[in-house]
Every structure is written in C-alpha cells, then in structure tokens.
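Q: Mind looking at a prediction? Sequence and model below.
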Amino acid sequence: MNKFGQMALLCLGLNMTAPVALSEQANDEFSADVQPVFFADNVSSLDVKYVDKTVHLLSSKKIDGNDSIWYQSSPDEGMTWSDAVNITQGISIQARVRRGNDARLAVQGTNIVAVWMTKREGNRHNAGPMMAMASHDSGQTWQQIDTPADWDGPHGFFAMDANAEEMSLVWLDSRTKIGDGATQGLHFAKSLDGGMSWSANQTLDERSCACCWNTAKYDDEAFYVLYRDKDPSDMTLGKVDAEQQWQALSTVGEFDWDFQGCPHIGGSFAFDSQHELIHSTVGTGHPKKTGTYYLRSHDKGKTWTLPHRLGGETAVHSDLAVSSSDGTVIAAWDMITENGFQIMVAESDNQGQSWSDQALLSTSGIRASHPRVVAIENGFLVLWTEGRANKPQSLRAVKID
C-alpha cells in the first residue's frame, strides 16, 4: 500500500465496502459478460495497445534475479496469444520498473518501440536513464536503439503513441527542475522513422509532479498528453500539434489540491470521435474531495463537465476506454477495501451521462492494483496485477462483452 493509500485509509474514517452512487440517474447494475482470457506469473509492469485488430502486450519480469522485458500479441481479442518473446534476451538491462512507472510501448504498423527506466546505483532512488528497444517485424525480432532522450539523467513515467506518420514519447526528468517540492519537468520527442531516430527534446512543462504516470494519445490532429501538474497538483491536458507546438488546454478536474509531495496517481483519457467527446478519469487527494473521478469534454479538452466520483473515497488508480462502435464507456479503478486493494469496474451506455453500480473484478483477499482498460472490436479488455504482500505479482486479463 502506498503512502496515499495509507493516508486515505487511516485518516478519513471511511465506509470501504458499500457501492457509491455516481449520479442521480444511475443505470442498472453492471450487466456485461466477463470472461477470463489471460494469466501470467511474475509480472512487475505492463502496457497494452490495440492496433490494427491486434492486442499488443508488454510486460516485465525478474527471473533468477535478472530483469527482462517481454512482448506478445493476440490477433483475436485476447482469446489466443503468441509465444512470449524476451526482447532483452542476452542483455543486462537493470530495469527499474513497477506499476505506475511501467515499461511502455508504441505500435506503428510493423514498427514497435519499447522504453523503460534503468537503475543507476548512487542516484536518488537508484533511478537511471531510459533504455529503448525496437522491432520492425511486428515483434518477432528486436534490437537496442538509441534512446529518445538527449539529457543523460534519470528518465521515467513514460507515455507513448503512434499514428501512420509519426511516433511520440513524453516522460519526466529533472533537467529543468525549478521550485520546491517533489517536481520534475515534462519532456517530449518525436520519431518519423519508426523509432530509429528522434527529434531534439522539447520541454513541455518545466514544473510538473515528480512521479505520477502520464497518459498520451493521438487523435486526428494532435498528440494529447494528460499529466499531473504542480501548484496546484491537479491534472492538466495539453497537446502537441503538427508543427510540434505545445498548448496546455485545461485542468481536468479543478480540485485545487495543494500537495508538495508525490501521490503516484495519474489519470486516463479516451477519444470518442463518433460523439465528439473526450472521456477522462483523474484522482485527487484533496481532503474534502479524495477519490477518483470521471469527467468528459465536448470541446476537444478546453472545458469539462463537473466531476463524478467513481467508487468510494479510497479509489486510487484508474483507467477507461470507449467503444468506437456505440460509445459505451468502461472505467476501472482500484479501491482500498477491508480486504485491501480490489479492482472495480463500471459502465456507461450513454456517453458518461450516467453509470452502472460498481462491480468487483478481482479476487477478494488478494491485493490487486493499477487496472488498464483497452477497447477492442467486440468489447473491452481489462488487465491488472495482483498478488500477496511481498510476493511476485501475477497479471490477469478479462474480456468484457
């Protein structure tokens, strides 16, 4: 349990088991069909993308004391999977990865790029510079490539995406650290050749939270980034346009949370082009508003609806996705209960205007955290890691129809 979770549990005096109504107009109970589709042992981080009707999964493992990064894919929405490929076979990588600072991937046709933080003894938290690998044959073979960073220091909390023309990456490092508190800066680089070379680094924000994960995605016109800002410590959405110009668009959930530490809580967003919406989840530790919230934007992220709480006040890490066919939204989050962290899920069939009651996905009594949600052609995949305290974690994935 992280410090934020302990604070929420010990200081707020919460009812941790009862479902919380998300709006005055609630849908019926969560009624979608859920079926397990994937399980893997000894997983310390994960990333997942659905591109060209293929699920791409990146995970990290520690085997016999050695760190390794693994890739595999599914052509049928998670029902069957390729053999896992150790993309770092024969390389000493000394990865420093964990949930919330996961190894990340971007997929562009047959090009796939993976990045992660390495260890550097003697640095603060032993954090080291990023390492990168690339495949140009859909993940069959891999090679180490020059990293996108042009500053030799610790880099972490990556977010990546690609479209047909380019691949982009954002991350945090302290080259521009200014002011007090737990801060780093948000930085950006772009590749036009499948990750083999990268643009000069661009600082998007000199003062951001130091250790909250970022989320980044392309729409038709720009590369959007959601990150935790500073002063206050709320989430900011911005975009890098085709001319590589950065524009901070809005605060997603104006909670006015003044916190000089680092809560290790990011957010999520997803585009609904059919209904011209952006859906988002964000977390806050504001004493009067603690929890995870859903919001949506009708104007490309310039303004947002009032926040609706997902789950109870102990909901922490969240993700969501939206169906491209009918606009159904699935949100998942972990929440501190009397049985520890558990994965909850809810759905909206009216573009986020109202939500079903929460439903429990994970096994009661086993700590489960950091869910990821990806929309596939026929439903959604929800993935998370779970395990006993101080034991290796397992990766679980379910399909929601």
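A: Arrived safely.
Q: Where does pLDDT dip in the stretch 1-150 of the chain?
A: Low-confidence segments of the stretch 1-150 of the chain, defined by pLDDT under 70, span residues 1-27.
Q: Which residue ranges of the stretch 101-250 of the chain form strands?
A: Per DSSP state E, counting those that start in this stretch, the stretch 101-250 of the chain has strands spanning 104-108, 111-119, 127-135, 143-145, 156-162, 167-173, 183-191, 202-209, 215-218, 223-228, 235-240, 246-252. These are given in chain order.
Q: Dump the ones you listed to a markdown table, plus mean neighbour count and distance to residue 336.
A: In this view, the C-beta of every residue, glycine as well, is placed from N, C-alpha and C. Below are the strands of the stretch 101-250 of the chain laid out as a markdown table (neighbours: other Cβ atoms under 10 Å; distance: least, Cβ to Cβ, whole Å):
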| stretch | mean neighbour count | distance to residue 336 |
| --- | --- | --- |
| strand 104-108 | 25 | 26 |
| strand 111-119 | 25 | 26 |
| strand 127-135 | 20 | 27 |
| strand 143-145 | 14 | 40 |
| strand 156-162 | 25 | 23 |
| strand 167-173 | 27 | 26 |
| strand 183-191 | 23 | 27 |
| strand 202-209 | 20 | 21 |
| strand 215-218 | 21 | 22 |
| strand 223-228 | 26 | 20 |
| strand 235-240 | 24 | 21 |
| strand 246-252 | 17 | 23 |
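Q: Now tabulate these in TSV and tack on distance to residue 264.
A: Converted to TSV, those look like this (distance: least, Cβ to Cβ, whole Å):
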stretch	distance to residue 264
strand 104-108	16
strand 111-119	14
strand 127-135	14
strand 143-145	29
strand 156-162	10
strand 167-173	12
strand 183-191	13
strand 202-209	9
strand 215-218	14
strand 223-228	10
strand 235-240	14
strand 246-252	18
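Q: which stretch among those strands comes nearest residue 389?
A: strand 111-119 (23.0 Å; Cβ to Cβ).
Q: ok now that closest one, how far from the chain's centre?
A: 15 Å (Cα atoms, centre = their mean, to the nearest Å).
Q: again, but for stretch 183-203
A: 19 Å.
Q: Just give me the residue closest to the centre of this protein.
A: residue 215 (5.6 Å; Cα atoms, centre = their mean).
Q: Would you check that it makes contact with residue 270?
A: No. Using Cβ atoms under 8 Å, residue 215 makes no contact with residue 270, being 9.4 Å away.
Q: Please name whichever of the strands of the stretch 101-250 of the chain is nearest to residue 78.
A: That would be strand 104-108 among those, by Cβ to Cβ, at 15.8 Å.
Q: Strands of the stretch 251-400 of the chain, start to end?
A: 267-272, 277-284, 291-297, 308-310, 315-322, 329-337, 340-348, 359-360, 367-376, 379-387, 394-400.
Q: can you list those strands in JSON lines and add distance to residue 79 and mean neighbour count?
A: Output for the strands of the stretch 251-400 of the chain, formatted as JSON lines (distance: least, Cβ to Cβ, whole Å; neighbours: other Cβ atoms under 10 Å):
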{"stretch": "strand 267-272", "distance to residue 79": "23", "mean neighbour count": "24"}
{"stretch": "strand 277-284", "distance to residue 79": "26", "mean neighbour count": "26"}
{"stretch": "strand 291-297", "distance to residue 79": "29", "mean neighbour count": "24"}
{"stretch": "strand 308-310", "distance to residue 79": "28", "mean neighbour count": "20"}
{"stretch": "strand 315-322", "distance to residue 79": "18", "mean neighbour count": "26"}
{"stretch": "strand 329-337", "distance to residue 79": "18", "mean neighbour count": "27"}
{"stretch": "strand 340-348", "distance to residue 79": "20", "mean neighbour count": "24"}
{"stretch": "strand 359-360", "distance to residue 79": "22", "mean neighbour count": "17"}
{"stretch": "strand 367-376", "distance to residue 79": "11", "mean neighbour count": "23"}
{"stretch": "strand 379-387", "distance to residue 79": "11", "mean neighbour count": "24"}
{"stretch": "strand 394-400", "distance to residue 79": "8", "mean neighbour count": "21"}
